[in-house]
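K.L.:
structure, please.
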Amino acid sequence: YTVTASSEAGCITTDSIQVKIAKDFLLTAPPDTAICEGDQIQLNVSGAYQYKWINETDGLSNLNIGNPIAKPTTSKLYQVQASDQYSCFTKTESINVTVNKNPKVDAGDDIHLNSNQPHQFKPVISSDVIKWQWSPPDYLNCVNCEKPVSQPKKDITYSITVTNENGCIAVDQVSIHIGCDEKSVHIPNAFTPNNDGRNERFYITASGIAVVNYLNIYNRFGQLVF
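P.N.:
Here you go, the predicted structure:
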């Protein structure tokens, strides 16, 4: 608005004032959502000029923006209060963030085996688990079962990832170390190849031994016979 004023002497001057009309706004907030323990999510609220998160604010990265990062440790009902530039209009929206529990898994202690000796894993898992994934797949008879069998030929570390019905995961690892234990190798000290059908053959009983490099057989007098 502009006003013009005149004096008796005919002098004129003008002045003006601007009146701004604050318009109402539409506040938009995301729907209720869920995350897993330890995860985070961005809360994208829009439509207003200024924002203020109120009441339960634990886990929010910033209380004065429309898109803070939320990382709650338990389920929270977040509320944001928003207004226009001139604080003529104020609106409030709520977003419920549910924190789902992660499953639990214990792959067990590390294992010591002879080469090529089979071992079945028996991990301890929580009852909510519906999916298993083992990696790497080397020497395993299955990778998406609970208790696979491994028959490794070298040291290896396996990782098991379990998933529950809410899509939350847990991970654990277990290592297999390959060695040669003399207790698992049995060499007989005698045999009788006399065609009586008893103890005719001499052989080594061993667990996980793939190749015999050399074998010498002596008689009772120390003479090499084979």
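K.L.:
wait, doesn't Val97 sit right on Asp32?
P.N.:
Yes - here Val97 reaches Asp32: they are 7.4 Å apart, a contact under CB atoms under 8 Å. Bear in mind the C-beta positions are built from the backbone N, C-alpha and C, glycine included.
K.L.:
more neighbours: which of the two?
P.N.:
The residue with more neighbours, out of Val97 and Asp32, is Val97; 22 against 11, by other CB atoms under 10 Å.
K.L.:
can you name the residues bridging to Ile35?
P.N.:
Taking DSSP bridges as the rule, Ile35 bridges to Val99.
K.L.:
residues near it, how many?
P.N.:
Count around Ile35 with other CB under 10 Å applied: 19.
K.L.:
do you know how far it is from Gly59?
P.N.:
Using CB to CB, to the nearest Å, one gets 10 Å for the distance from Ile35 to Gly59.
K.L.:
now Asp138
P.N.:
Distance, Asp138 to Gly59, using CB to CB: 41 Å.
K.L.:
higher neighbour count, those two?
P.N.:
Set Asp138 next to Gly59 and count neighbours by other CB under 10 Å: Gly59 wins out with 18 against 12.
K.L.:
my guess is that one contacts Trp53. True?
P.N.:
No - using CB under 8 Å, Gly59 is not in contact with Trp53; the gap is 10.6 Å.
K.L.:
in the chain, where is pLDDT below threshold?
P.N.:
181, 207-210 (pLDDT under 70).
K.L.:
the same query, at a cut-off of 90, please.
P.N.:
20, 22, 112-117, 153-154, 178-195, 197-220, 225-226 (pLDDT under 90).
K.L.:
and the helices in it?
P.N.:
Shown for the chain, no helices are assigned by DSSP state H.
K.L.:
distance check, the residue lying closest to Pro152 once chain neighbours are set aside against Pro103.
P.N.:
Excluding its sequence neighbours, the residue lying closest to Pro152 (CB to CB, 6 or more residues apart in numbering) is Tyr139, at 4.5 Å. Going from Tyr139 to Pro103 by CB to CB gives 25 Å.
K.L.:
the two: which has the busier surroundings?
P.N.:
Just comparing Tyr139 and Pro103: by other CB under 10 Å the higher neighbour count belongs to Pro103, 23 against 18.
K.L.:
the more buried one contacts Thr163, correct?
P.N.:
Yes - with contact defined as CB under 8 Å, Pro103 reaches Thr163; the gap is 7.0 Å.
K.L.:
shared neighbours, those two?
P.N.:
Common neighbours of Pro103 and Thr163 are listed as 129, 169 (criterion: CB atoms under 8 Å, 6 or more residues apart in numbering).
K.L.:
what touches both of Gly59 and Trp53?
P.N.:
Here Gly59 and Trp53 share no contacting residue, scored by CB under 8 Å, 6+ apart.
K.L.:
ok, now how distant is the nearest residue to Phe226 once chain neighbours are set aside from Asn166?
P.N.:
Among residues not flanking Phe226 along the chain, Ile217 sits closest, at 3.9 Å (CB to CB, 6+ apart). Applying CB to CB, the value for Ile217 to Asn166 is 64 Å.
K.L.:
these two: who's more crowded?
P.N.:
For Ile217 and Asn166, the more surrounded residue by other CB under 10 Å is Asn166, and the numbers stand at 16 against 9.
K.L.:
so the more buried one versus Glu56, what's the distance?
P.N.:
The value you get for Asn166 to Glu56, if CB to CB is used, is 22 Å.
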